[in-house]
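A.B. asks: Show me the folded form of this:
(one chain, ligands or ions: 1)
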Amino acid sequence: MNKTVLITGASGGIGKALCKQFAKEGCNVVIHYFSSEEKAQALKAELESTYNIKAITFKADMRDSQQIKSFAEAALKEFGSIDVLINNAGVAYFSLFQLSDDRKVADLFDINLMSAMTLTKEILPSMINKHRGRIINISSMWGISGASCEVHYSASKAALIGFTKALAKEVGPSGITVNCIAPGFIDTEMNSCLDEESVKEIVDATPMGRKGTGDDVASLAVYLSKDEAGFITGQTISVDGGFLGN
Ligand code: NAP
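C.D. replies: Numbers count the residues shown, from 1 in each chain. Here you go, the predicted model:
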C-alpha cells in the first residue's frame, strides 16, 4: 500500500495487530503508546526487521490535549503527512452507574473520545491538503447496543460513532473517508479482568463460537484503507462474530 499509518494505543492488543498488518502491506507506521514503552520499542524493532518499513514510537497521554498536539506535530514532521489515522487508544471502566468515580469517568471520555477528536483535528489539514486520507475510529459493539455496568464506556463509544458519521459528511468532499469499526469481544489485556465463566458466556452467545482477535479487527482496517474502499464512508462496521446480530 505504501502509506503512512498512525495508530494510537499501538502498544495494546488490537493496536499491535493493526501495526503488524499495515507493516505487512508495506506501510510505515507511527506507534503511539503511553505507559507500555517496552512493548512499543519491541514492536518497532519487530516491524522494521520483519517488514523492512520505517516505524517510529511516540509517547503521549491521551488525557492531555497538549501532549496530543505535540505528538501530532512530531509525527507530521517525521513523515510529512499521515495517510491513515486510526484512533484506537481506549480504556474500559466497569462500575454501577450510580457508584461511578467522576475522575475515572472524565479520564475515560478524554481517552476514548476527546483524544480522537483532538488528534483528528491536528492531522486533518495535511489530509485536506493532499485531498486524500482515511480515518478509522475504533468504537465497540457496546457503543451500538449499550452495556450494563459500562454506561460511560458505552456512551463514549456511541459518541465516536456520531463523530464518525458527522465528520464523514464534512470531509467527504475533500477526498477523505471516515469510518468506525465496532469490535465485539477481542482477546486482549482489556478483558483480562473477566473471569473464565464470563468469557465462556460471551463466547457461547457469539454465533461464530470463539473469541475475536486483534487480526480480525486489523483485516477490516487494512481493507478500509485501500483505494478500492474509497466509496465507503460514515459507516460503523461490526467485527463481533455475529454477537449483536445487527
Ligand atoms: P488494550 O490492549 O488494553 O490497549 C489499550 C491501549 O490504549 C494501550 O495501547 C494503552 O497504552 C492505550 N492507553 C490507555 N490509556 C491511555 C492514555 N491515558 N493515554 C494514551 N494511551 C492510553 O486494549 P485493546 O483491546 O487493544 O483495545 C483497543 C481499542 O479497542 C480500545 O479503544 C477499546 O475500547 C476497543 N475495543 C476493545 C474490545 C476488546 O474486547 N478488547 C472490544 C471493543 C472495542 P499503554 O499500554 O502504552 O499505556
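A.B. asks: now what about the longest helix belonging to the chain, what contacts it?
C.D. replies: Ranked by number of residues, the top helix in the chain under DSSP state H is helix 151-171. With C-beta atoms under 8 Å, 6 or more residues apart in numbering as the test, helix 151-171 has contacts from 87, 92-93, 95, 97, 100, 105, 108-109, 112-113, 116-117, 120, 124, 127-128, 133, 135, 137-140, 142-147, 177-180, 182, 233-236. Placement of C-beta: from N, CA and C, glycine included.
A.B. asks: how about a cut-off of 7 Å?
C.D. replies: 92-93, 97, 100, 105, 108-109, 112-113, 116-117, 124, 137, 139-140, 142-143, 146-147, 177-180, 233-234, 236 (C-beta atoms under 7 Å, 6 or more residues apart in numbering).
A.B. asks: Please name the residues that touch the most centrally placed residue in the chain.
C.D. replies: When C-alpha atoms, centre = their mean is applied to the chain, the residue found nearest the centroid is residue 88 (1.8 Å). By C-beta under 7 Å, 6+ apart, the contact list for residue 88 reads 7-9, 14-15, 18, 138.
A.B. asks: what angle sits between the top strand by length along the chain and helix 151-171?
C.D. replies: Longest strand in the chain by number of residues (criterion: DSSP state E): strand 176-183. Strand 176-183 runs at 160 degrees relative to helix 151-171, counting by axes from the mean of the first three to the mean of the last three C-alpha atoms, to 10 degrees.
A.B. asks: and the contacts of residue 88 near the ligand, which?
C.D. replies: Counting by C-beta under 6 Å from any ligand atom, 9, 14-15, 138 from the contacts of residue 88 sit close to the ligand.
A.B. asks: is stretch 204-211 anywhere near the ligand?
C.D. replies: No: contact of stretch 204-211 with the ligand is not found when judged by C-beta under 6 Å from any ligand atom; the minimum separation is 8.4 Å.
A.B. asks: let me fix that: stretch 86-96
C.D. replies: Yes: Stretch 86-96 lies within reach of the ligand by C-beta under 6 Å from any ligand atom, at 88-91.
A.B. asks: All the strands of this structure, in order from the start?
C.D. replies: Counting by DSSP E, the strands of the chain are 4-7, 28-33, 55-59, 84-87, 133-138, 176-183, 236-239.
A.B. asks: winner for burial among those?
C.D. replies: With neighbours taken as mean count of other C-beta atoms under 10 Å, the strands of the chain reach their highest mean count in strand 84-87, at a mean of 29.
A.B. asks: From the contact counts, what lies against that one?
C.D. replies: On a contact count with 3 or more C-beta pairs under 7 Å, 6 or more residues apart in numbering; DSSP states H and E, strand 84-87 meets strand 4-7, helix 115-130, strand 133-138.
A.B. asks: residues in the chain within reach of the ligand, list them.
C.D. replies: 9, 11-15, 33-36, 61-63, 88-91, 111, 138, 140, 183, 185-186, 188-191.
A.B. asks: who does the longest strand of the chain touch, helix- and strand-wise?
C.D. replies: Counting contacts by 3+ C-beta pairs under 7 Å, 6+ apart, strand 176-183 is packed against strand 133-138, helix 141-145, helix 151-171, helix 214-225, strand 236-239.
A.B. asks: which residues touch residue 241?
C.D. replies: Counting by C-beta under 7 Å, 6+ apart, residue 241 touches 184, 206-208, 210, 212.
A.B. asks: what bridges to residue 5?
C.D. replies: Per DSSP bridges, the residues bridged to residue 5 are residue 29, residue 84.
A.B. asks: Can you verify my assumption that it contacts residue 26?
C.D. replies: No: assessed by C-beta atoms under 7 Å, residue 5 is found out of contact with residue 26, at 10.6 Å.
A.B. asks: And the residues of the chain next to the ligand, which of them are buried?
C.D. replies: 9, 11-15, 33-34, 36, 61-63, 88-91, 111, 138, 140, 183, 185-186, 188, 190 (16 or more other C-beta atoms under 10 Å).
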